[in-house]
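1. this one's sequence-less:
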(Lines give C-alpha, C1' and ligand atoms only; values in the text may rest on other atoms or scores of the structure.)
Protein backbone atom coordinates (compact mmCIF):
# COMPACT_ATOMS: atom_id res chain seq x y z
CA UNK A 1 0.00 0.00 0.00
CA UNK A 2 2.84 2.40 0.86
CA UNK A 3 4.60 1.59 -2.41
CA UNK A 4 1.37 2.21 -4.35
CA UNK A 5 0.88 5.59 -2.66
CA UNK A 6 4.48 6.52 -3.48
CA UNK A 7 3.92 5.65 -7.16
CA UNK A 8 0.70 7.65 -7.28
CA UNK A 9 2.47 10.60 -5.66
CA UNK A 10 5.32 10.35 -8.16
CA UNK A 11 2.91 10.15 -11.11
CA UNK A 12 0.96 13.13 -9.71
CA UNK A 13 4.21 15.04 -9.55
CA UNK A 14 4.94 14.20 -13.20
CA UNK A 15 1.53 15.48 -14.31
CA UNK A 16 1.81 18.64 -12.23
CA UNK A 17 5.19 19.36 -13.81
CA UNK A 18 3.88 18.66 -17.29
CA UNK A 19 0.98 21.06 -16.80
CA UNK A 20 3.44 23.86 -16.21
CA UNK A 21 4.81 23.64 -19.76
CA UNK A 22 3.42 26.21 -22.20
CA UNK A 23 3.96 26.56 -25.95
CA UNK A 24 5.68 29.93 -25.54
CA UNK A 25 8.29 29.26 -22.90
CA UNK A 26 10.67 26.54 -21.83
CA UNK A 27 12.31 28.49 -19.04
CA UNK A 28 9.30 28.16 -16.76
CA UNK A 29 9.31 24.39 -17.32
CA UNK A 30 12.96 24.27 -16.28
CA UNK A 31 12.15 26.28 -13.20
CA UNK A 32 9.69 23.68 -11.91
CA UNK A 33 12.01 20.80 -12.72
CA UNK A 34 10.38 19.57 -15.95
CA UNK A 35 13.48 19.93 -18.11
CA UNK A 36 15.02 16.70 -16.84
CA UNK A 37 12.29 14.77 -18.66
CA UNK A 38 13.34 16.07 -22.06
CA UNK A 39 16.41 17.40 -23.75
CA UNK A 40 16.42 19.88 -26.59
CA UNK A 41 17.51 18.28 -29.83
CA UNK A 42 20.23 19.89 -31.90
CA UNK A 43 18.37 19.03 -35.10
CA UNK A 44 16.35 21.50 -37.11
CA UNK A 45 13.55 19.27 -38.36
CA UNK A 46 10.48 21.49 -38.67
CA UNK A 47 8.34 18.75 -40.22
CA UNK A 48 8.18 15.03 -39.39
CA UNK A 49 8.72 14.20 -43.07
CA UNK A 50 11.89 16.23 -43.73
CA UNK A 51 15.03 14.66 -45.15
CA UNK A 52 17.29 12.12 -43.46
CA UNK A 53 20.11 14.63 -43.13
CA UNK A 54 18.08 16.47 -40.50
CA UNK A 55 17.23 13.41 -38.41
CA UNK A 56 18.87 12.91 -35.02
CA UNK A 57 21.00 9.86 -34.39
CA UNK A 58 18.98 6.65 -34.25
CA UNK A 59 15.95 8.04 -36.09
CA UNK A 60 14.81 6.62 -39.43
CA UNK A 61 12.54 7.61 -42.27
CA UNK A 62 10.38 5.23 -44.30
CA UNK A 63 7.14 5.09 -46.22
CA UNK A 64 4.16 4.22 -44.04
CA UNK A 65 3.42 1.36 -46.44
CA UNK A 66 6.81 -0.20 -45.68
CA UNK A 67 6.04 -0.22 -41.95
CA UNK A 68 2.52 -1.64 -42.07
CA UNK A 69 0.99 -5.04 -42.83
CA UNK A 70 -1.70 -6.01 -45.30
CA UNK A 71 -5.21 -6.11 -43.87
CA UNK A 72 -8.27 -8.07 -44.96
CA UNK A 73 -11.81 -7.40 -46.04
CA UNK A 74 -14.95 -9.38 -45.23
CA UNK A 75 -18.56 -9.06 -46.34
CA UNK A 76 -20.80 -9.40 -43.25
CA UNK A 77 -23.79 -10.16 -45.51
CA UNK A 78 -22.29 -13.61 -46.14
CA UNK A 79 -23.31 -14.45 -42.56
CA UNK A 80 -26.67 -12.63 -42.34
CA UNK A 81 -27.61 -13.88 -38.86
CA UNK A 82 -24.34 -12.91 -37.18
CA UNK A 83 -24.09 -9.69 -35.18
CA UNK A 84 -21.08 -7.41 -35.52
CA UNK A 85 -19.95 -3.91 -34.58
CA UNK A 86 -19.65 -1.49 -37.47
CA UNK A 87 -17.42 1.58 -37.31
CA UNK A 88 -18.52 4.24 -39.75
CA UNK A 89 -16.64 7.51 -40.26
CA UNK A 90 -19.18 9.26 -38.03
CA UNK A 91 -18.41 6.72 -35.25
CA UNK A 92 -15.03 8.38 -34.67
CA UNK A 93 -14.75 11.62 -32.70
CA UNK A 94 -12.41 14.21 -34.18
CA UNK A 95 -11.97 15.87 -30.80
CA UNK A 96 -11.19 12.90 -28.55
CA UNK A 97 -9.79 10.79 -31.45
CA UNK A 98 -11.61 7.69 -30.26
CA UNK A 99 -14.29 5.34 -31.54
CA UNK A 100 -17.27 6.65 -29.62
CA UNK A 101 -20.42 5.33 -31.32
CA UNK A 102 -19.98 1.94 -33.05
CA UNK A 103 -23.21 0.43 -34.38
CA UNK A 104 -24.24 -3.14 -33.61
CA UNK A 105 -25.78 -4.69 -36.73
CA UNK A 106 -26.86 -8.00 -38.18
CA UNK A 107 -24.91 -9.20 -41.19
CA UNK A 108 -28.10 -8.96 -43.24
CA UNK A 109 -28.28 -5.23 -42.47
CA UNK A 110 -24.65 -4.45 -43.27
CA UNK A 111 -24.18 -1.36 -45.46
CA UNK A 112 -22.19 -1.76 -48.65
CA UNK A 113 -19.25 0.12 -47.11
CA UNK A 114 -18.92 -2.35 -44.21
CA UNK A 115 -15.97 -4.37 -45.46
CA UNK A 116 -12.69 -3.68 -43.64
CA UNK A 117 -11.70 -6.11 -40.88
CA UNK A 118 -10.08 -4.43 -37.89
CA UNK A 119 -8.01 -5.85 -35.05
CA UNK A 120 -7.08 -4.54 -31.62
CA UNK A 121 -4.31 -1.91 -31.83
CA UNK A 122 -5.00 -1.09 -35.48
CA UNK A 123 -5.07 2.60 -36.37
CA UNK A 124 -7.96 4.02 -38.39
CA UNK A 125 -7.65 7.13 -40.53
CA UNK A 126 -10.66 8.46 -42.45
CA UNK A 127 -9.69 9.02 -46.07
CA UNK A 128 -12.90 10.99 -46.70
CA UNK A 129 -12.53 14.61 -45.62
CA UNK A 130 -9.12 13.77 -44.13
CA UNK A 131 -8.55 17.23 -42.67
CA UNK A 132 -11.33 16.58 -40.13
CA UNK A 133 -8.87 14.32 -38.26
CA UNK A 134 -11.10 11.30 -37.76
CA UNK A 135 -8.30 9.16 -36.35
CA UNK A 136 -8.75 6.34 -33.85
CA UNK A 137 -6.90 3.53 -32.10
CA UNK A 138 -8.86 0.26 -32.12
CA UNK A 139 -9.53 -0.98 -28.55
CA UNK A 140 -9.51 -4.65 -27.52
CA UNK A 141 -13.30 -4.88 -27.37
CA UNK A 142 -13.58 -4.12 -31.11
CA UNK A 143 -11.14 -6.82 -32.23
CA UNK A 144 -12.26 -8.63 -35.40
CA UNK A 145 -15.07 -6.17 -36.14
CA UNK A 146 -15.81 -4.25 -39.34
CA UNK A 147 -14.94 -0.70 -40.39
CA UNK A 148 -16.13 1.39 -43.31
CA UNK A 149 -14.19 1.53 -46.55
CA UNK A 150 -14.03 5.25 -45.75
CA UNK A 151 -11.07 4.37 -43.50
CA UNK A 152 -7.62 3.09 -44.21
CA UNK A 153 -6.76 0.40 -41.64
CA UNK A 154 -3.11 0.61 -40.58
CA UNK A 155 -1.57 -2.39 -38.82
CA UNK A 156 2.06 -1.74 -37.95
CA UNK A 157 5.04 -4.08 -38.16
CA UNK A 158 5.67 -4.17 -34.41
CA UNK A 159 9.39 -4.85 -34.92
CA UNK A 160 9.85 -1.38 -36.41
CA UNK A 161 6.91 0.84 -35.47
CA UNK A 162 4.50 0.73 -32.54
CA UNK A 163 0.90 1.46 -33.43
CA UNK A 164 0.45 4.17 -30.77
CA UNK A 165 3.33 6.16 -32.26
CA UNK A 166 1.74 5.97 -35.72
CA UNK A 167 -1.62 6.97 -34.22
CA UNK A 168 -0.13 10.15 -32.74
CA UNK A 169 1.86 10.85 -35.90
CA UNK A 170 -1.37 10.95 -37.94
CA UNK A 171 -2.68 13.67 -35.60
CA UNK A 172 0.16 16.10 -36.33
CA UNK A 173 -0.71 19.30 -38.15
CA UNK A 174 2.07 18.57 -40.64
CA UNK A 175 0.54 15.25 -41.69
CA UNK A 176 -2.97 16.70 -41.93
CA UNK A 177 -1.65 19.60 -44.00
CA UNK A 178 -0.05 17.09 -46.37
CA UNK A 179 -3.39 15.28 -46.69
CA UNK A 180 -5.13 18.58 -47.51
CA UNK A 181 -2.68 19.03 -50.40
CA UNK A 182 -3.44 15.54 -51.73
CA UNK A 183 -7.23 15.42 -51.32
CA UNK A 184 -9.35 15.32 -54.46
CA UNK A 185 -12.95 16.32 -55.10
CA UNK A 186 -14.78 19.51 -54.22
CA UNK A 187 -18.06 18.22 -52.78
CA UNK A 188 -16.61 15.01 -51.31
CA UNK A 189 -12.87 15.59 -50.75
CA UNK A 190 -10.89 12.42 -50.14
CA UNK A 191 -7.45 10.85 -50.41
CA UNK A 192 -6.59 7.35 -51.58
CA UNK A 193 -5.17 4.64 -49.34
CA UNK A 194 -2.08 4.74 -51.53
CA UNK A 195 -1.58 8.44 -50.72
CA UNK A 196 -1.21 7.58 -47.06
CA UNK A 197 0.92 4.48 -47.63
CA UNK A 198 3.29 6.51 -49.82
CA UNK A 199 3.75 9.21 -47.18
CA UNK A 200 7.02 9.18 -45.27
CA UNK A 201 7.17 8.99 -41.51
CA UNK A 202 10.13 9.73 -39.26
CA UNK A 203 10.51 7.56 -36.19
CA UNK A 204 13.01 6.92 -33.39
CA UNK A 205 14.04 3.54 -31.93
CA UNK A 206 11.22 1.46 -30.42
CA UNK A 207 12.06 2.38 -26.83
CA UNK A 208 11.81 6.09 -27.58
CA UNK A 209 8.62 5.53 -29.58
CA UNK A 210 7.07 3.91 -26.50
CA UNK A 211 8.15 6.79 -24.28
CA UNK A 212 6.79 9.41 -26.68
CA UNK A 213 3.48 7.54 -26.91
CA UNK A 214 3.49 7.18 -23.12
CA UNK A 215 3.93 10.91 -22.50
CA UNK A 216 1.23 11.84 -25.01
CA UNK A 217 -1.01 9.14 -23.58
CA UNK A 218 -0.75 10.59 -20.06
CA UNK A 219 -1.87 14.00 -21.31
CA UNK A 220 -4.60 12.50 -23.49
CA UNK A 221 -6.00 10.52 -20.56
CA UNK A 222 -5.94 13.66 -18.41
CA UNK A 223 -7.98 15.45 -21.12
CA UNK A 224 -10.45 12.56 -21.19
CA UNK A 225 -10.74 12.75 -17.41
CA UNK A 226 -11.64 16.45 -17.62
CA UNK A 227 -14.26 15.60 -20.27
CA UNK A 228 -15.80 13.01 -17.96
CA UNK A 229 -15.81 15.51 -15.09
CA UNK A 230 -17.50 18.14 -17.27
CA UNK A 231 -20.18 15.62 -18.30
CA UNK A 232 -20.63 14.51 -14.69
CA UNK A 233 -20.94 18.09 -13.40
CA UNK A 234 -23.37 18.99 -16.18
CA UNK A 235 -25.54 16.05 -15.13
CA UNK A 236 -25.33 17.31 -11.55
CA UNK A 237 -26.43 20.76 -12.71
CA UNK A 238 -29.33 19.28 -14.67
CA UNK A 239 -30.49 17.26 -11.64
CA UNK A 240 -30.09 20.30 -9.38
CA UNK A 241 -32.16 22.46 -11.75
CA UNK A 242 -34.97 19.92 -11.69
CA UNK A 243 -34.86 19.53 -7.91
CA UNK A 244 -34.76 23.27 -7.16
CA UNK A 245 -37.63 24.15 -9.51
CA UNK A 246 -39.84 21.29 -8.29
CA UNK A 247 -38.98 21.09 -4.57
CA UNK A 248 -37.39 24.46 -3.78
CA UNK A 249 -34.51 24.95 -1.37
CA UNK A 250 -36.09 23.12 1.54
CA UNK A 251 -37.87 20.21 -0.12
CA UNK A 252 -41.29 21.69 0.57
CA UNK A 253 -44.61 20.08 -0.47
CA UNK A 254 -45.52 20.38 -4.15
CA UNK A 255 -48.56 21.48 -6.07
CA UNK A 256 -49.56 20.39 -9.56
CA UNK A 257 -49.60 23.12 -12.22
CA UNK A 258 -49.85 23.45 -16.00
CA UNK A 259 -46.08 23.02 -16.25
CA UNK A 260 -45.78 20.20 -13.73
CA UNK A 261 -45.16 20.00 -9.96
CA UNK A 262 -43.70 23.14 -8.31
CA UNK A 263 -43.13 24.10 -4.65
CA UNK A 264 -46.43 24.84 -2.91
CA UNK A 265 -45.48 28.34 -1.75
CA UNK A 266 -44.28 29.52 -5.18
CA UNK A 267 -46.53 31.63 -7.40
CA UNK A 268 -46.99 30.71 -11.06
CA UNK A 269 -46.91 33.82 -13.28
CA UNK A 270 -46.49 34.54 -16.96
CA UNK A 271 -43.24 36.07 -18.13
CA UNK A 272 -45.22 39.10 -19.35
CA UNK A 273 -46.45 39.75 -15.79
CA UNK A 274 -42.89 39.52 -14.45
CA UNK A 275 -41.14 41.78 -16.94
CA UNK A 276 -41.03 45.45 -17.91
CA UNK A 277 -40.30 44.69 -21.53
CA UNK A 278 -40.08 41.71 -23.86
CA UNK A 279 -38.95 42.53 -27.37
CA UNK A 280 -36.66 41.29 -30.11
CA UNK A 281 -33.24 42.45 -31.26
CA UNK A 282 -32.34 43.75 -34.71
CA UNK A 283 -33.92 41.57 -37.41
CA UNK A 284 -34.01 43.81 -40.52
CA UNK A 285 -30.71 43.80 -42.43
CA UNK A 286 -28.44 43.96 -39.36
CA UNK A 287 -25.35 43.49 -41.54
CA UNK A 288 -26.00 46.88 -43.16
CA UNK A 289 -25.07 48.48 -39.83
CA UNK A 290 -21.84 46.55 -39.17
CA UNK A 291 -18.66 48.49 -38.52
CA UNK A 292 -15.16 47.23 -37.80
CA UNK A 293 -15.18 48.39 -34.18
CA UNK A 294 -17.83 49.90 -31.98
CA UNK A 295 -20.70 48.62 -29.82
CA UNK A 296 -20.83 44.79 -29.51
CA UNK A 297 -23.91 43.13 -31.02
CA UNK A 298 -24.65 39.59 -29.84
CA UNK A 299 -26.02 36.86 -32.08
CA UNK A 300 -27.51 33.46 -31.26
CA UNK A 301 -24.20 31.61 -31.08
CA UNK A 302 -22.89 34.14 -28.54
CA UNK A 303 -25.58 33.05 -26.08
CA UNK A 304 -24.63 29.95 -24.09
CA UNK A 305 -26.42 28.54 -21.08
CA UNK A 306 -25.81 31.09 -18.30
CA UNK A 307 -22.99 32.97 -20.05
CA UNK A 308 -22.21 35.21 -23.01
CA UNK A 309 -19.43 34.18 -25.38
CA UNK A 310 -17.48 37.14 -26.81
CA UNK A 311 -16.20 35.09 -29.78
CA UNK A 312 -16.82 36.39 -33.31
CA UNK A 313 -18.68 39.50 -32.22
CA UNK A 314 -20.00 41.98 -34.74
CA UNK A 315 -20.28 45.71 -34.02
CA UNK A 316 -22.61 48.67 -34.58
CA UNK A 317 -21.50 52.29 -34.51
CA UNK A 318 -22.34 54.24 -31.34
CA UNK A 319 -24.44 56.70 -33.34
CA UNK A 320 -26.61 53.95 -34.86
CA UNK A 321 -26.82 52.13 -31.52
CA UNK A 322 -28.15 55.27 -29.79
CA UNK A 323 -30.63 56.20 -32.53
CA UNK A 324 -32.25 53.85 -35.04
CA UNK A 325 -31.25 50.69 -33.11
CA UNK A 326 -31.89 52.08 -29.62
CA UNK A 327 -34.99 49.86 -29.22
CA UNK A 328 -32.78 46.79 -28.80
CA UNK A 329 -30.08 48.45 -26.70
CA UNK A 330 -29.25 46.18 -23.75
CA UNK A 331 -29.13 46.96 -20.03
CA UNK A 332 -27.13 45.05 -17.44
CA UNK A 333 -29.46 42.45 -15.93
CA UNK A 334 -31.46 41.88 -19.13
CA UNK A 335 -32.03 38.26 -20.11
CA UNK A 336 -31.24 37.19 -23.68
CA UNK A 337 -33.16 34.23 -25.10
CA UNK A 338 -32.22 32.40 -28.30
CA UNK A 339 -34.95 32.29 -30.96
CA UNK A 340 -33.42 30.05 -33.65
CA UNK A 341 -31.13 27.04 -33.45
CA UNK A 342 -31.41 26.18 -29.75
CA UNK A 343 -34.59 28.06 -28.80
CA UNK A 344 -34.91 28.95 -25.13
CA UNK A 345 -31.18 28.95 -24.35
CA UNK A 346 -30.62 31.98 -22.18
CA UNK A 347 -28.15 34.11 -20.23
CA UNK A 348 -27.97 37.43 -18.36
CA UNK A 349 -26.30 40.55 -19.74
CA UNK A 350 -23.42 41.44 -17.42
CA UNK A 351 -22.35 44.97 -16.45
CA UNK A 352 -19.49 44.64 -18.92
CA UNK A 353 -21.99 44.68 -21.81
CA UNK A 354 -24.38 47.34 -20.52
CA UNK A 355 -25.30 49.41 -23.60
CA UNK A 356 -24.51 46.65 -26.11
CA UNK A 357 -27.02 45.43 -28.70
CA UNK A 358 -28.23 42.13 -30.15
CA UNK A 359 -29.44 40.54 -33.36
CA UNK A 360 -32.49 38.26 -33.64
CA UNK A 361 -32.58 37.47 -29.91
CA UNK A 362 -35.49 37.92 -27.51
CA UNK A 363 -34.70 40.62 -24.93
CA UNK A 364 -36.40 40.16 -21.55
CA UNK A 365 -36.16 42.96 -18.96
CA UNK A 366 -37.27 41.73 -15.49
CA UNK A 367 -39.24 43.98 -13.12
CA UNK A 368 -37.01 45.15 -10.27
CA UNK A 369 -37.98 43.65 -6.92
CA UNK A 370 -40.22 41.04 -8.56
CA UNK A 371 -37.84 38.65 -10.30
CA UNK A 372 -34.08 38.51 -10.68
CA UNK A 373 -32.58 38.20 -14.14
CA UNK A 374 -30.29 35.43 -12.93
CA UNK A 375 -33.17 33.35 -11.58
CA UNK A 376 -35.27 33.90 -14.72
CA UNK A 377 -32.39 32.87 -16.98
CA UNK A 378 -31.82 29.72 -14.88
CA UNK A 379 -35.50 28.87 -15.31
CA UNK A 380 -35.37 29.29 -19.10
CA UNK A 381 -32.43 26.85 -19.11
CA UNK A 382 -34.20 24.34 -16.85
CA UNK A 383 -36.13 21.31 -18.18
CA UNK A 384 -39.39 23.16 -17.35
CA UNK A 385 -38.33 26.23 -19.29
CA UNK A 386 -36.90 24.29 -22.23
CA UNK A 387 -40.04 22.17 -22.60
CA UNK A 388 -42.16 25.32 -22.93
CA UNK A 389 -39.75 26.75 -25.51
CA UNK A 390 -39.83 23.54 -27.56
CA UNK A 391 -43.64 23.43 -27.47
CA UNK A 392 -43.83 27.06 -28.62
CA UNK A 393 -41.53 26.80 -31.65
CA UNK A 394 -42.95 28.02 -34.97
CA UNK A 395 -41.90 27.67 -38.57
CA UNK A 396 -41.31 24.73 -40.88
CA UNK A 397 -37.91 25.24 -42.49
CA UNK A 398 -36.24 26.84 -39.48
CA UNK A 399 -38.18 26.74 -36.26
CA UNK A 400 -37.89 29.74 -34.00
CA UNK A 401 -39.25 31.16 -30.74
CA UNK A 402 -41.25 34.35 -31.07
CA UNK A 403 -41.85 37.17 -28.58
CA UNK A 404 -45.46 36.23 -27.87
CA UNK A 405 -44.40 32.70 -26.89
CA UNK A 406 -41.87 34.09 -24.42
CA UNK A 407 -44.53 36.40 -22.96
CA UNK A 408 -46.79 33.38 -22.38
CA UNK A 409 -44.07 31.32 -20.70
CA UNK A 410 -45.13 30.36 -17.19
CA UNK A 411 -42.54 30.83 -14.44
CA UNK A 412 -42.75 29.50 -10.86
CA UNK A 413 -41.64 32.39 -8.62
CA UNK A 414 -40.35 32.15 -5.02
CA UNK A 415 -39.32 35.03 -2.76
CA UNK A 416 -36.49 37.32 -3.88
CA UNK A 417 -34.28 35.82 -1.15
CA UNK A 418 -34.89 32.29 -2.44
CA UNK A 419 -34.30 33.44 -6.02
CA UNK A 420 -30.90 34.81 -5.03
CA UNK A 421 -29.99 31.62 -3.15
CA UNK A 422 -31.02 29.38 -6.05
CA UNK A 423 -29.12 31.55 -8.52
CA UNK A 424 -26.02 31.38 -6.32
CA UNK A 425 -26.20 27.58 -5.97
CA UNK A 426 -26.48 27.08 -9.72
CA UNK A 427 -23.79 29.69 -10.43
CA UNK A 428 -21.41 27.74 -8.19
CA UNK A 429 -21.95 24.58 -10.25
CA UNK A 430 -21.52 26.56 -13.47
CA UNK A 431 -18.24 28.02 -12.19
CA UNK A 432 -17.04 24.49 -11.48
CA UNK A 433 -17.82 23.47 -15.06
CA UNK A 434 -15.98 26.55 -16.38
CA UNK A 435 -12.95 25.77 -14.21
CA UNK A 436 -12.77 22.18 -15.46
CA UNK A 437 -13.18 23.41 -19.05
CA UNK A 438 -10.24 25.78 -18.59
CA UNK A 439 -8.11 22.93 -17.25
CA UNK A 440 -9.10 20.88 -20.27
CA UNK A 441 -8.10 23.73 -22.62
CA UNK A 442 -4.69 23.97 -20.93
CA UNK A 443 -4.17 20.22 -21.35
CA UNK A 444 -5.23 20.35 -25.02
CA UNK A 445 -2.70 23.13 -25.65
CA UNK A 446 -0.06 21.07 -23.85
CA UNK A 447 -0.92 17.99 -25.93
CA UNK A 448 -0.62 19.92 -29.22
CA UNK A 449 2.69 21.42 -28.19
CA UNK A 450 4.17 18.11 -27.09
CA UNK A 451 2.84 16.38 -30.20
CA UNK A 452 4.69 18.79 -32.47
CA UNK A 453 7.85 19.01 -30.37
CA UNK A 454 8.22 15.25 -29.90
CA UNK A 455 7.34 14.22 -33.45
CA UNK A 456 9.82 16.69 -34.94
CA UNK A 457 12.57 15.69 -32.46
CA UNK A 458 12.80 19.26 -31.20
CA UNK A 459 12.21 17.78 -27.78
CA UNK A 460 13.62 14.38 -26.77
CA UNK A 461 12.35 11.97 -24.16
CA UNK A 462 15.27 10.75 -22.08
CA UNK A 463 14.88 9.37 -18.58
CA UNK A 464 11.12 9.44 -18.08
CA UNK A 465 9.96 5.93 -17.20
CA UNK A 466 6.35 5.22 -18.13
CA UNK A 467 5.60 1.48 -18.10
CA UNK A 468 1.96 0.47 -18.24
CA UNK A 469 1.59 0.38 -14.46
CA UNK A 470 2.98 3.91 -14.18
CA UNK A 471 0.50 5.15 -16.79
CA UNK A 472 -2.27 3.56 -14.75
CA UNK A 473 -1.06 5.33 -11.62
CA UNK A 474 -0.84 8.63 -13.50
CA UNK A 475 -4.44 8.21 -14.56
CA UNK A 476 -5.41 7.25 -11.02
CA UNK A 477 -3.79 10.32 -9.53
CA UNK A 478 -5.83 12.53 -11.86
CA UNK A 479 -8.92 10.75 -10.57
CA UNK A 480 -7.69 11.31 -7.03
CA UNK A 481 -7.97 15.07 -7.50
CA UNK A 482 -11.70 14.61 -8.09
CA UNK A 483 -12.44 11.56 -5.94
CA UNK A 484 -16.15 12.22 -5.68
CA UNK A 485 -16.54 12.46 -9.43
CA UNK A 486 -14.50 9.28 -9.92
CA UNK A 487 -16.75 7.26 -7.61
CA UNK A 488 -19.89 8.34 -9.44
CA UNK A 489 -18.28 7.57 -12.81
CA UNK A 490 -17.26 4.09 -11.67
CA UNK A 491 -20.80 3.37 -10.45
CA UNK A 492 -22.12 4.41 -13.87
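-> Received, thanks. Because the structure is predicted, anything quoted here is derived from the model rather than measured.

2. contacts, neighbours, all on C-alpha from now
-> Noted.

3. does residue 261 belong to a helix or a strand, and which?
-> In the assignment (DSSP states H and E), residue 261 maps to strand 260-263.

4. just checking, next helix/strand downstream of that strand?
-> strand 267-270.

5. what packs against that next one?
-> strand 410-413 (3 or more Cα pairs under 8 Å, 6 or more residues apart in numbering; DSSP states H and E).

6. what pairs with the strand it packs on, parallel or antiparallel?
-> Taking DSSP bridges as the criterion, strand 410-413 forms sheet pairs with strand 267-270 (antiparallel).

7. buried set for the helix or strand that the partner strand is followed by?
-> As assigned by DSSP H and E, the chain's next helix or strand after strand 267-270 is helix 271-274. For helix 271-274, a neighbour-count test (16 or more other Cα atoms under 10 Å) marks 271, 272, 274 as buried.

8. same question, stretch 251-270
-> Buried residues in stretch 251-270 (16+ other Cα under 10 Å): 254, 261, 262, 263, 264, 266, 268, 270.

9. now the strand or helix carrying residue 211: average pLDDT?
-> Residue 211 belongs to helix 206-247 when assigned by DSSP H and E. On average, the pLDDT along helix 206-247 is 95.

10. could you do stretch 143-158 as well?
-> Averaged across stretch 143-158, pLDDT comes to 98.

11. same question, stretch 339-356
-> Averaging pLDDT along stretch 339-356 gives 94.

12. only the buried residues of it, if you could.
-> By neighbour count with 16+ other Cα under 10 Å, stretch 339-356 contains the buried residues 339-340, 342-349, 353, 355-356.

13. please apply the same query to stretch 362-372.
-> 362, 363, 364, 365, 366, 371, 372.

14. can you tell me the SS state at the third one?
-> Using DSSP: H, G, I helix; E, B strand; the rest coil, the secondary structure recorded for residue 364 is strand.

15. touching, it and residue 277? I think so.
-> Yes: judged on Cα atoms under 8 Å, residue 364 makes contact with residue 277 at a distance of 6.0 Å.

16. which stretches in this structure count as helices?
-> 2-18, 27-31, 163-169, 173-182, 193-197, 206-247, 271-274, 318-322, 373-380, 383-391, 403-408, 416-455, 468-481, 483-491 (DSSP state H).

17. report all helices and strands that the third one contacts.
-> Helices and strands touching helix 163-169, by 3+ Cα pairs under 8 Å, 6+ apart, are strand 123-126, strand 135-137, helix 206-247, helix 416-455.

18. what's it in contact with?
-> With contact meaning Cα atoms under 8 Å, 6 or more residues apart in numbering, helix 163-169 is reached by 121-123, 135-137, 155-156, 175, 201, 209-210, 212-213, 451, 455.

19. returning to what we had before: may I see the buried residues of stretch 362-372 organised as a markdown table, with pLDDT and distance to residue 283 added?
-> Listed next are the buried residues of stretch 362-372 as a markdown table, based on pLDDT from 0 to 100; distance: Cα to Cα, whole Å:
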| residue | pLDDT | distance to residue 283 |
| --- | --- | --- |
| 362 | 97 | 11 |
| 363 | 98 | 13 |
| 364 | 98 | 16 |
| 365 | 98 | 19 |
| 366 | 97 | 22 |
| 371 | 97 | 28 |
| 372 | 97 | 27 |
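
20. quick one: the most centrally placed residue in the chain and residue 224, what's the gap?
-> Nearest residue to the geometric centre of the chain (Cα atoms, centre = their mean): residue 95, 6.4 Å. For residue 95, the distance to residue 224 equals 10 Å [Cα to Cα, to the nearest Å].

21. thinking again about what came up before, which of the helices of the chain is buried the deepest?
-> helix 373-380 (a mean of 25; mean count of other Cα atoms under 10 Å).

22. ok, for residue 310, nearest residue in space, not its chain neighbours?
-> Once flanking residues are discounted, residue 310 sits nearest to residue 302: 6.4 Å by Cα to Cα, 6 or more residues apart in numbering.

23. could you measure from the one you found over to residue 196?
-> Distance, residue 302 to residue 196, using Cα to Cα: 39 Å.

24. next: residue 435.
-> Here residue 435 is placed at a distance of 39 Å from residue 196 (Cα to Cα).

25. residue 124 too?
-> Applying Cα to Cα to residue 124 and residue 196 gives a distance of 12 Å.

26. same thing with residue 405?
-> With the distance defined as Cα to Cα, residue 405 ends up 54 Å from residue 196.

27. what do you get for residue 412?
-> Per Cα to Cα, residue 412 is found 59 Å from residue 196.

28. break this protein into its domains for me.
-> Under the assignment automatic domain parsing, the domains of the chain span 60-203, 267-413.

29. what's the nearest residue to residue 444 if we skip its chain neighbours?
-> Nearest non-adjacent residue to residue 444, counting by Cα to Cα, 6+ apart: residue 223, 6.8 Å away.

30. test my guess that that neighbour contacts residue 443.
-> Yes: with contact defined as Cα under 8 Å, residue 223 reaches residue 443; the gap is 6.1 Å.

31. run through this protein and note the low-pLDDT ranges.
-> In the predicted model, the chain carries pLDDT under 70 at residues 1-53, 394-399, 462-492.

32. how about residue 171, nearest residue that isn't a chain neighbour?
-> Take residue 171 and drop its neighbours on the chain: the residue closest to it by Cα to Cα, 6+ apart is residue 133, 6.8 Å away.

33. just residue 309 next, same as before
-> In space, and not counting its chain neighbours, residue 309 is closest to residue 302: 4.7 Å by Cα to Cα, 6+ apart.
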